[in-house]
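> Need the 3D shape of this:
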Amino acid sequence: MNIHQKSIILAAGDAVRPDYIPASNYISKEFAAKEAQYLWPRTWQMACREEEIPTVGSFFTYDILDDSITVVRTAPDEIRAYHNSCPHRGRRLTEGCGKSARLHCRFHGWQWSLDGQNLKVVDRDDWGDALAPEDTNLSTVKVGRWGGWIYINMDPNCESLEDALSPAKAILDPFAMEGMRYHWRKSTILPCNWKVALEAFSEGYHVQTTHPQMLQFFDDVTTSYAHGRHGMFGYWDSAPTGLRSPRLGGPREGEDNRIGMLAYMEETIVTLNAVMAEPGLAAAKRLVDEVPAGTDPWVVLGKFNELMQEVLIDRGINCPPISNEQAIAAGTDWHLFPNQVILQSPIGVLGYRARPNGDDPNSCLWDVYSLMRYPEAEVPESKWEWNDDLTDLKFWGKILVQDYQNMGDVQQGMKSRGFKGCRPNPKQEVSVSNFHRALCEFIHDGETA
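Sure, this is the predicted structure:
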């Protein structure tokens, strides 16, 4: 449903509209406190990928504000999650990721099986009858799985993950993202609210100014839609990829988007290295060699997709068949409520996640990663890499560095006495305003429950 058809409410203060978001949603400590109380403990959050806990005993620690969750593979096809807190004196049991046959408290030596049952209380008899099993077992957290991601929810009465992801799940299921593996993954701290960071990757309206180099072979005009709590955008009204943007006076008569597609792939692999990456470059090179000059630009794009399939088959990579109707419905970019963004393709995903950095509304934890399809024997080794230098072109690539240059200035600018609130584009930034509508409704529901 398009946001123009929806009534928008706010728990308190200024009302969100399709063309207006209060500045307080980003800079107010009171609003951040409402999120801490009514959003994060009640919503489904992507914690990790299944490949990060590949074998029985593998665990991953997911932190959100003061809460910490241990996600554990307890059987080949079973995953559980627990509050990362010893029921004795509260010490955290895990940090980072690793593997263990049992969970262990390094303070006083209590132990638990992978299914959360207490195995050992040192000097158990000292308590007599005061400790019941429920006093010593780990406190469970709900777990859901979709697309290769593992989600957690701390609310025992929450809606199902399938309902929470609807209708995005049904639209994105054909991409079979569970068959993808990490290509690379990186993290840092950004000097802005978590929503400022996330929203920079939830709309394409910024491309013409923040990434002007892309206009040489890319029409950046987008249309954005709301789908329940989620939002998305696509390039349905744009000129074929590989042609100069109308903002630069294109497309020009006789312009050859075979050459433009190759230039686009070369630029993208150097400045971002995600989504289609090297297979896309290989297909674009074949496009120039095998498709005659003067071919209709839309036919060129169809041929590019055919060549991409051939490249993948030659490399032993199996992609799900995506119909034109499915590709059109899926668009380009999805903001999955509350804090996950993905740009999907049949062969790869560029993903983002933002989380508040403590109770400071001006700082957030930031994760960005690339997923790709690989032959089973060729999945590369990758680990989360951290870099505090947001200007490091070699580490982040030009596109992300360009995005990061906006973050701190946006956050500071929102604090100006002259700034009354955001005025999102009601056509190209629907995903952004819809997010705030959904966020405020979610908080309001929590307050009034």
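> and the gap between residue 290 and residue 307?
Noted for residue 290: a distance of 7 Å to residue 307, by CB to CB, to the nearest Å. The C-beta positions use only the backbone N, C-alpha and C, and glycine is treated the same way.
> who has more neighbours, those two?
More crowded of residue 290 and residue 307, by other CB atoms under 10 Å: residue 307, with 21 against 11.
> if I pick the nearest residue to the more buried one once chain neighbours are set aside, what's in contact with it?
Sequence neighbours aside, residue 283 is the residue nearest to residue 307 in space, at 4.2 Å (criterion: CB to CB, 6 or more residues apart in numbering). Residue 283 makes contacts with 265, 304, 307-308, 310-311, as judged by CB atoms under 8 Å, 6 or more residues apart in numbering.
> Residue 387: which of those is nearest?
Ranked by distance to residue 387 (CB to CB), these are led by residue 265 at 25.5 Å.
> I'd guess residue 48 is in a strand, am I close?
Yes. According to DSSP: H, G, I helix; E, B strand; the rest coil, residue 48 belongs to a strand.
> which residues does it bridge with?
Applying DSSP bridges to residue 48 gives these bridge partners: residue 150.
> Neighbours of residue 170, how many?
Count around residue 170 with other CB under 10 Å applied: 12.
> Likewise for residue 428?
Look at residue 428: counted by other CB under 10 Å, it has 18 neighbours.
> Residue 138: what secondary structure?
Going by three-state DSSP: residue 138 is coil.
> how far away is it from residue 82?
For residue 138, the distance to residue 82 (CB to CB) stands at 4 Å.
> now the helices for the protein?
Ranges of helices within the chain are 24-27, 29-34, 133-136, 161-165, 168-172, 194-199, 207-210, 257-271, 277-290, 297-314, 324-330, 393-396, 398-413, 430-448, based on DSSP state H.
> and the ones you listed as JSON lines, adding mean pLDDT?
Formatted as JSON lines, the helices of the chain follow (pLDDT from 0 to 100):
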{"stretch": "helix 24-27", "mean pLDDT": "96"}
{"stretch": "helix 29-34", "mean pLDDT": "97"}
{"stretch": "helix 133-136", "mean pLDDT": "92"}
{"stretch": "helix 161-165", "mean pLDDT": "98"}
{"stretch": "helix 168-172", "mean pLDDT": "98"}
{"stretch": "helix 194-199", "mean pLDDT": "98"}
{"stretch": "helix 207-210", "mean pLDDT": "96"}
{"stretch": "helix 257-271", "mean pLDDT": "94"}
{"stretch": "helix 277-290", "mean pLDDT": "94"}
{"stretch": "helix 297-314", "mean pLDDT": "93"}
{"stretch": "helix 324-330", "mean pLDDT": "95"}
{"stretch": "helix 393-396", "mean pLDDT": "97"}
{"stretch": "helix 398-413", "mean pLDDT": "98"}
{"stretch": "helix 430-448", "mean pLDDT": "96"}
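> Relative to residue 59, which of those helices is closest?
Residue 59 lies closest to helix 133-136 among the helices of the chain, at 19.4 Å (CB to CB).
> Mind listing what's buried along that closest one?
For helix 133-136, the neighbour count (16 or more other CB atoms under 10 Å) marks residue 136 as buried.
> Pull it out as PDB, backbone CA atoms only.
Extracted in PDB, the C-alpha atoms of helix 133-136 (Å, rounded to 0.1, in the frame of the first residue of the first chain):
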ATOM      1  CA  PRO A 133      15.000 -25.700  37.800                       C
ATOM      2  CA  GLU A 134      13.400 -22.600  36.400                       C
ATOM      3  CA  ASP A 135      15.700 -20.500  38.600                       C
ATOM      4  CA  THR A 136      18.900 -22.000  37.100                       C
END
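> Pull the residues that contact that helix.
Counting by CB under 8 Å, 6+ apart, 87-88, 110, 117-118, 121 sit against helix 133-136.
> Please spell out the PyMOL selection for the buried subset of these.
This is the PyMOL syntax for the buried subset of the contacts of helix 133-136, where burial follows 16+ other CB under 10 Å:
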select buried, resi 87+88+110+118+121
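> how about the contacts of helix 133-136, which pair is most distant?
Greatest spatial distance in those: 88 and 117, 15.0 Å, computed using CB to CB.
> ok so, going back, check the contact lists of residue 138 and residue 82 and give me the overlap.
103, 116.
> out of the contacts of residue 283, which are buried?
By neighbour count, with 16+ other CB under 10 Å, those hold 265, 304, 307-308, 311 as buried.
> how big is the angle separating the biggest strand by length in the chain from helix 277-290?
Longest strand in the chain by number of residues (criterion: DSSP state E): strand 360-372. Strand 360-372 and helix 277-290 are oriented at 50 degrees to each other (axes from the mean of the first three to the mean of the last three CA atoms, to 10 degrees).
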